[in-house]
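A.B. asks: everything below, folded, please.
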Amino acid sequence: MKNQASQTYEIMEVCLLAGKIMLQSGGETYRVEDTMMRIAASFGIENTHSYVTPTGIIFSAEGSEETKTKLIRISERSTDLKKVAMVNSISRRISSGEVTLLEALGLLNEIDSLDMTFPFMVQVAAASSASGCFMIMLNGGWNDFIPAMISGGLGYLSFVYVHRFVPIKFFSEFLASFLIGLLSLLLVKIGIGHQLDKIIIGSVMTLVPGLLITNAVRDLMAGHLVSGLSKGAEAFLTAFAIGSGIAIVLAFLKV
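C.D. replies: Residues are numbered from 1 along each chain as shown. Below is the predicted model of the structure:
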């Protein structure tokens, strides 16, 4: 009985680790729950229940004599869809019987420890290029491509640095959008930029919570009301922070 209970806890550990990685990396709530339950079923635990929110996971397994429940807290969330795809791949291998319990735990721990983000300067360069391209997509002129790159790149740079020292996302997004508005206005005033609105819109696109909005809608459609509403609220706060930073620049400088 002790061995059976120990194995059940090990299976739950694998399920929770897979769910934690996916949730921290931007996975949808319904995908996290489905993956955890499929992994448990593949290892012989059919009666499982999972409750996932953006800040925590509760997972329980019903045994012959008792129900075991574990809870983990999710404190940090980012966007790393590569990790989500890797966990999905391991889940499929578990379902097909290619991976044992101990192998799955080792593979998931390896994924959890990986830092798959691009180098910092590559991220800044990508944000800068994306800002210019978004500005063109929004019917901006090519003569504003460089100004949009400058304001977008520096805005993203400030967002990352401020978030490192003050881990409050609303504050860092507000300051980043404020800097973007200030730089865009300055570039237009000195004659380098021409269309202020197009430069600002293109530059802030790298801060827009597109994945959050998408996941919020998908969770709501799947019936996960708590997760959908909380993600929607987080996306609203991000949009409010971006809009407030730009609005303050335009209002106080009377543009």
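A.B. asks: helix or strand: which one has the residue nearest to Lys231 when sequence neighbours are not counted?
C.D. replies: Using CB to CB, 6 or more residues apart in numbering and skipping residues adjacent in sequence, the residue nearest Lys231 is Ala216, 3.9 Å away. No exception for glycine: its C-beta is placed from N, CA and C like everyone else's. Assigned by DSSP states H and E, Ala216 falls within helix 210-221.
A.B. asks: buried residues in that helix, which are they?
C.D. replies: Residues Leu212, Ile213, Asn215, Ala216, Arg218, Asp219, Leu220 are the ones in helix 210-221 that count as buried (16 or more other CB atoms under 10 Å).
A.B. asks: buried sites along whatever helix or strand comes next after it?
C.D. replies: The helix or strand immediately downstream of helix 210-221 is helix 225-252, counting by DSSP H and E. Applying a neighbour-count criterion of 16+ other CB under 10 Å, one finds 227-228, 230-232, 234-235, 238-239, 241-242, 245-246, 249 buried in helix 225-252.
A.B. asks: next up, the contacts around Arg77.
C.D. replies: For Arg77, the contact set (CB atoms under 8 Å, 6 or more residues apart in numbering) comprises Leu23, Gln24, Gly26, Pro54.
A.B. asks: counting contacts, what elements does the helix holding Ala216 pack onto?
C.D. replies: Identification of packing neighbours for helix 210-221 by 3 or more CB pairs under 8 Å, 6 or more residues apart in numbering; DSSP states H and E yields helix 29-42, helix 225-252.
A.B. asks: which residues in the stretch 1-150 of the chain form helices?
C.D. replies: For the stretch 1-150 of the chain, the helices defined by DSSP state H, counting those that start in this stretch occupy 2-24, 29-42, 81-95, 101-113, 120-137, 145-165.
A.B. asks: just the mean pLDDT for the longest one, thanks.
C.D. replies: Averaged across helix 2-24, the pLDDT comes to 83.
A.B. asks: mind giving me the domain ranges of the chain?
C.D. replies: 2-113, 120-252 (automatic domain parsing).
A.B. asks: so which of those domains is the most surrounded?
C.D. replies: With neighbours defined as mean count of other CB atoms under 10 Å, these peak in mean count at domain 120-252, which reaches a mean of 19.
A.B. asks: could I get stretch 43-50 in PDB with only the CA atoms?
C.D. replies: Taking Å, rounded to 0.1, in the frame of the first residue of the first chain, the C-alpha atoms of stretch 43-50 are listed here in PDB:
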ATOM      1  CA  PHE A  43       0.000   6.000 -15.800                       C
ATOM      2  CA  GLY A  44      -3.100   4.200 -14.600                       C
ATOM      3  CA  ILE A  45      -5.000   6.900 -12.600                       C
ATOM      4  CA  GLU A  46      -8.300   7.300 -14.300                       C
ATOM      5  CA  ASN A  47     -10.300   9.300 -11.700                       C
ATOM      6  CA  THR A  48      -8.500  12.700 -11.500                       C
ATOM      7  CA  HIS A  49      -9.700  16.200 -11.100                       C
ATOM      8  CA  SER A  50      -7.800  19.400 -11.800                       C
END
